[in-house]
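Undergrad: here is my input; please provide its structure:
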Amino acid sequence: MKTKASTLPGTRIAPISLAIAMIGLTAALPVSAMDLLEAYSRAQAHDPSYQAAKADRAVNEADITVAKLAYLPTANVNFGREMVDNRDRQTYQVTQPILDLQKFATLREAAPREVIAEANFRIKEQDLANRVTKVVSEVIKIRESIILSDEQIKALTEQANRSKRRFELGQGTITEVSTTQVRLDQARANRRQLEAQRAIVEKQFASIVGANPPAQGFNFVRDPRRPQVEELNTLVNKTLSGNAAVLTARANERLAELEKQKIAAGYLPQINAVARTTKLDNQAAQNYGGLQLNIPLGVSAANFASQYKAGLAITRAREVKRDTEEKQKLETERLWALVNAGVEELTIRRDAIRSAELSAEGNIKSYEAGVVTAVDVINAILTVFETKREYLNVLASTTENFLNLQMTVAEPPVEALRKIQVVLLDIRK
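TA: Sure thing, here's the model as predicted:
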C-alpha cells in the first residue's frame, strides 16, 4: 500500500500552522475525494442519533402546533337524554374563546417551545459536526502516525546496522547492538498496533458517515494562513445572544412564568362565544347564539399549593438560566485561551522538531566518530519522532478546540466546518 509523504515539519513539507481563516477550496475535488463538509453532509443522512434528533424535532413541532391551536373554536356533538328529559336530544355546539387566560397562556407557550425545539436540534447538529471532525482528525492522525512509524523503523534499522558494523570492527559493544535491536523490535510492534487502530478508526468513521474514508483524501494541509480569531468580548456577546444552551434556559424560564399564569387564570372568569343547535324528537330545532360566562372559583388547598410550586419553578428556572449563561461564558473564554495557546504551542513545537532533527544528526556523526554511545543516538532518534507525534496531537486538539469555540458562539455547523476545513484537509487533484 502506498502512503503519501508525511506533512509534518522536517519531512520535506512546509511547516503547518493552525488555519482558521474563512477561505474556500479553489480546486475541483476528485471523484474519490471527500472533505469535511461532504463527510458532514453524508453523516446527516446516515448517523442514527442525528436521525433520531430529526424525529424529535418533528414531534416538538407537532406539540408547538397544538399550542398554537389552543385559541381556535371547538365543536361538540352530543346525543342522548338529559336527566330531566324522557326524549332523545341532539346538540351541536361551536365554542369560540373570547376571554380565556389559560388558553391564551397556552397559546403564548408556542414561541418559547419553538425556541427550545430549534435549540435542541441545533445542539444535535453541533454534536454531529464535532463527531465528524473528531473522527476525521483521528483518521488523519493514525495515518500520519503510521508514516512516522515507518520512518522511525527505517532510522532505527540504519542505527542497528551501524552498531553491528562497529561491533564487528571491535569499536562497539554487544550491549549497544542489543539495545538498538530492542528499540527496533518495539517500533515494529508499535507499527502492528497502529494498523489495528487504523482499522478501528476507519470503522468508526464509516459508522458515522456511512462510507469508508477515501484512501488518499485526508491529509494535513500545507501552508495554511495564520488564524484570525475574533476578540474575546465579541465572542462572549455572541455566546450570550445565540448559544443554544443559553436560549433553551431562557425559554424554560419563560415557560415557567406562563405556567404560573395558567394556574392563576384558573380563578378568573372565562367568556366564550357560543353557537348551539338543539333538536328533540319530532320537534323543530332550537338555535342559540350568544356569549357564555364561566366563573371557575377553583378555590382549594391544592390550587394554592400549585401556585406556590409554580413560583418556586420560576425561581429555579431563573437560576438555571443565570448558571447556564455563566458557564457558557466561561467555556467561551476557556476555548478562546486554548485556541490561542495552541497556535503559539504549534510554533514552538515546530522549532522543537527542527532542533531534535539537528540533535539526531549530530549524535549520529558523533557516534561514527566514537564520541557518543549508541544509546545517545537511539534517544536522539526517538526524541525526533516523539516530538512529531506531540505536534500531531496539539494540531488535532487545537483544531477541535476551535470547532468547539465556533459552536459555543452559535456559528452554524457548516460555516464552522468551512472555517476549519483548511486545518485538516489537503485535497488536490
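
Undergrad: for the protein, what spans make up the helices?
TA: Under the criterion DSSP state H, the chain contains helices at 36-46, 48-68, 101-108, 110-168, 174-209, 232-242, 244-265, 301-368, 374-408, 413-424.

Undergrad: how far off centre is the longest one?
TA: Per C-alpha atoms, centre = their mean, to the nearest Å, the displacement of helix 301-368 from the mean C-alpha position of its chain is 14 Å.

Undergrad: which strands or helices does it pack on?
TA: helix 110-168, helix 232-242, helix 244-265, helix 374-408 (3 or more C-beta pairs under 8 Å, 6 or more residues apart in numbering; DSSP states H and E). Glycine gets a C-beta too; all of them are placed from N, C-alpha and C.

Undergrad: any chance you could give me the shortest one in PDB, C-alpha atoms only?
TA: In this case it means helix 232-242. Presented in PDB, the C-alpha positions along helix 232-242 are these (Å, rounded to 0.1, in the frame of the first residue of the first chain):
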ATOM      1  CA  LEU A 232     -12.900  37.700  23.300                       C
ATOM      2  CA  ASN A 233     -15.600  40.300  24.100                       C
ATOM      3  CA  THR A 234     -17.100  39.800  20.600                       C
ATOM      4  CA  LEU A 235     -17.200  36.100  21.100                       C
ATOM      5  CA  VAL A 236     -18.800  36.400  24.600                       C
ATOM      6  CA  ASN A 237     -21.500  38.600  23.200                       C
ATOM      7  CA  LYS A 238     -22.300  36.100  20.500                       C
ATOM      8  CA  THR A 239     -22.400  33.400  23.100                       C
ATOM      9  CA  LEU A 240     -24.900  35.200  25.300                       C
ATOM     10  CA  SER A 241     -27.100  36.200  22.400                       C
ATOM     11  CA  GLY A 242     -27.200  32.900  20.400                       C
END
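
Undergrad: got the contact list for that helix?
TA: Helix 232-242 is contacted by residues Val246, Glu325, Gln328, Lys329, Glu331, Thr332, Glu333, Trp336, Leu405, Thr408, Val409, Ala410 when judged by C-beta atoms under 8 Å, 6 or more residues apart in numbering.

Undergrad: can you give me the mean pLDDT across it?
TA: Across helix 232-242, the average pLDDT comes to 94.

Undergrad: OK, contacts around the most centrally placed residue in the chain?
TA: Central residue of the chain (C-alpha atoms, centre = their mean): Asp127, 2.6 Å from the mean position. Neighbour list for Asp127: Ser49 [criterion: C-beta under 8 Å, 6+ apart].

Undergrad: could you redo the contacts of helix 232-242 as JSON lines and give each row distance to Tyr267?
TA: As requested, these are exported to JSON lines (distance: C-beta to C-beta, whole Å):
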{"residue": "Val246", "distance to Tyr267": "34"}
{"residue": "Glu325", "distance to Tyr267": "34"}
{"residue": "Gln328", "distance to Tyr267": "39"}
{"residue": "Lys329", "distance to Tyr267": "40"}
{"residue": "Glu331", "distance to Tyr267": "43"}
{"residue": "Thr332", "distance to Tyr267": "44"}
{"residue": "Glu333", "distance to Tyr267": "47"}
{"residue": "Trp336", "distance to Tyr267": "51"}
{"residue": "Leu405", "distance to Tyr267": "49"}
{"residue": "Thr408", "distance to Tyr267": "44"}
{"residue": "Val409", "distance to Tyr267": "45"}
{"residue": "Ala410", "distance to Tyr267": "41"}
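
Undergrad: out of the helices of the chain, which gets nearest to Gln292?
TA: helix 101-108 (14.2 Å; C-beta to C-beta).

Undergrad: angle of the closest one against helix 48-68?
TA: If you take axes from the mean of the first three to the mean of the last three C-alpha atoms, to 10 degrees, helix 101-108 sits at 140 degrees to helix 48-68.

Undergrad: how near is the residue of the chain most remote from its centre to Arg276?
TA: Distance from the C-alpha centroid of the chain, by C-alpha atoms, centre = their mean, peaks at Asn282 (69.6 Å). According to C-beta to C-beta, to the nearest Å, Asn282 stands 20 Å off from Arg276.

Undergrad: ok, Val343 touching Ser397?
TA: No - judged on C-beta atoms under 8 Å, Val343 makes no contact with Ser397 at a distance of 11.9 Å.

Undergrad: and those two? Which one has more around it.
TA: Each of Val343 and Ser397 has its neighbours counted (other C-beta atoms under 10 Å); Val343 has more, 19 against 14.

Undergrad: just the pLDDT at that one, thanks.
TA: pLDDT at Val343 comes out at 84.

Undergrad: the one 3 residues further on too?
TA: In the predicted model, Leu346 carries a pLDDT score of 85.

Undergrad: and if you look at Ala58?
TA: On the pLDDT scale, Ala58 gets 88.

Undergrad: before we move on, what about Ala160?
TA: 91.

Undergrad: quick check: it touching Val177?
TA: Yes - using C-beta under 8 Å, Ala160 is in contact with Val177, at 7.4 Å.

Undergrad: would you turn the contacts of helix 232-242 into TSV with pLDDT, neighbour count and distance to Phe205?
TA: Shown next, in TSV, are the contacts of helix 232-242 (pLDDT from 0 to 100; neighbours: other C-beta atoms under 10 Å; distance: C-beta to C-beta, whole Å):
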residue	pLDDT	neighbour count	distance to Phe205
Val246	96	21	32
Glu325	96	17	36
Gln328	96	21	30
Lys329	96	18	34
Glu331	96	18	27
Thr332	95	22	29
Glu333	95	16	32
Trp336	93	21	29
Leu405	93	25	24
Thr408	94	26	25
Val409	94	24	27
Ala410	91	20	27
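
Undergrad: between the residues you listed, which is closest to Ala45?
TA: So of the contacts of helix 232-242, ranked by how close each gets to Ala45 (C-beta to C-beta), first place is Ala410, at 24.1 Å.
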